[in-house]
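>>> quick one, fold the following:
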Amino acid sequence: MYPTIFKFGKFALHTYGLCIAIAFLTGIMLAKREASRLGEDPEKIMDLSFYILLSAIIGSRIFYVLTNLRFFLYNPIDIFKIWEGGLVFYGGFIGAVIVSAIYLKYYHIPFWKTADIFSPSLAIGHAIGRIGCFFAGCCYGKECALPWAITFHNADSLAPQDISLHPTQLYSSLNNLIIFLILISVKKYKKFDGQIFLVYLFLYGIGRSTVEFFRNDFRGGKVFGVLSISQAIGLSLSLIAILTIVIHFTYLKKNNDSKQS
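Have a look, this model is predicted:
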């Protein structure tokens, strides 16, 4: 595709970096608006967004470096070249959750309610970010002959060139867009704080694990010889999320039944 929009001397505007910036801005503005709607301090949400941005980038890069450790041991300068792609979502997610928990604890802000505020932002931001992956050619798919297969010709692309591949970046983007639309719909029927976040975890884990089957970039080691690391994490989080949702609704039902009796 088009990894670089334009170059001026040593300066280059990379499509991946531009999409990531748009993704974060879109997510932050959406979260701020949602915080105002729910009566939370939008300024605190803006501050938290800044810390999430930093921790997500650092966490996702560390995860990527760890899964490609041999390469980066011989090319340590490349660790800092994030504009060339190489941010692993679950690394950023874990980093952001840890930093958010510390921030929210310090300011006595409810964790689960805030997680609900950020979940739709996370989904739509991720959908936009994956478009950046598509232009950069990272996170590419396996070879296929499907009518919607994509072929990369740009010499700067990170994907194999002149081979028809599954457009896994677009699969991921579409998956996140659908999750975003579902979360927006589920908000109307929310019964407890944390519900939107748990639905997000469940859906994303399933969707991500499915897309993983079609990816052909380096996926790190195998868990139990079958699952990629991202699949193992995604399916685990999905299982935890759905069990937590069931427990919550069971508790709410018992509570309602006891009040009626």
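
>>> only C-alpha atoms for contact and neighbour calcs from this point on.
Noted.

>>> for Asp162, give me its contacts.
Residues in contact with Asp162 (C-alpha atoms under 8 Å, 6 or more residues apart in numbering) are Thr151, Phe152, His153.

>>> got phi/psi on it?
Here is the backbone geometry of Asp162 (degrees, to the nearest 10): phi 60, psi 30.

>>> likewise for Ala145?
Main-chain dihedrals, Ala145, degrees, to the nearest 10: phi -120, psi 30.

>>> could you find the closest non-adjacent residue to it?
Ser164 (6.4 Å; C-alpha to C-alpha, 6 or more residues apart in numbering).

>>> returning to what we had before: which member of the contacts of Asp162 is positioned nearest Asp217?
Using C-alpha to C-alpha, the shortest approach to Asp217 within the contacts of Asp162 belongs to Phe152, at 14.1 Å.

>>> tell me the pLDDT at Pro3?
The model reports Pro3 with a pLDDT of 79.

>>> show me the strands in the stretch 1-150 of the chain, by range?
Using DSSP state E, counting those that start in this stretch, the strands of the stretch 1-150 of the chain run over 4-8, 11-14, 150-151.

>>> partner strands of the last one and their direction?
The reference is to strand 150-151. Here strand 150-151 is paired, per DSSP bridges, with strand 164-165 (antiparallel).

>>> cool, and the second one?
Strands that pair with strand 11-14, judged by DSSP bridges, come out as strand 4-8 (antiparallel).

>>> so which bits of the strand it pairs with are buried?
Neighbour-count burial for strand 4-8 flags Thr4 (criterion: 16 or more other C-alpha atoms under 10 Å).

>>> the residue nearest to Ala145 against Ala149, yeah?
Yes. Counting by C-alpha atoms under 8 Å, Ala149 is a contact partner of Ser164 at 5.5 Å.

>>> quick one: which of the two has more around it?
Legend: neighbour count by other C-alpha atoms under 10 Å for Ser164 and Ala149, higher for Ser164 (19 against 16).

>>> in the sheet, who's paired with the more buried one?
Legend: beta-bridge partners of Ser164 under DSSP bridges are Thr151.

>>> ok, it - contacts?
By C-alpha under 8 Å, 6+ apart, the contact list for Ser164 reads Glu143, Cys144, Ala145, Ala149, Ile150, Thr151, Phe152.

>>> again, 10 Å this time
Ser164 is in contact with Gly141, Lys142, Glu143, Cys144, Ala145, Leu146, Pro147, Trp148, Ala149, Ile150, Thr151, Phe152, counting by C-alpha atoms under 10 Å, 6 or more residues apart in numbering.

>>> burial count for the second one?
This points to Lys142. By the criterion of other C-alpha under 10 Å, Lys142 has 17 neighbours.

>>> wait, it sits on Asn216?
Yes. With contact defined as C-alpha atoms under 10 Å, Lys142 and Asn216 form a contacting pair (4.8 Å).

>>> what about the helices in this protein?
Taking DSSP state H to define them, one finds helices in the chain at 15-37, 42-67, 69-74, 89-107, 111-136, 168-186, 195-212, 229-260.

>>> so which of those helices gets nearest Ala159?
The minimum distance between Ala159 and the helices of the chain falls on helix 111-136, with 8.0 Å, by C-alpha to C-alpha.

>>> show me what that closest one is packed up against.
When contacts are defined as 3 or more C-alpha pairs under 10 Å, 6 or more residues apart in numbering; DSSP states H and E, helix 111-136 sits against strand 4-8, strand 11-14, helix 15-37, helix 42-67, helix 89-107, helix 168-186, helix 195-212.

>>> perfect, I'm done here.
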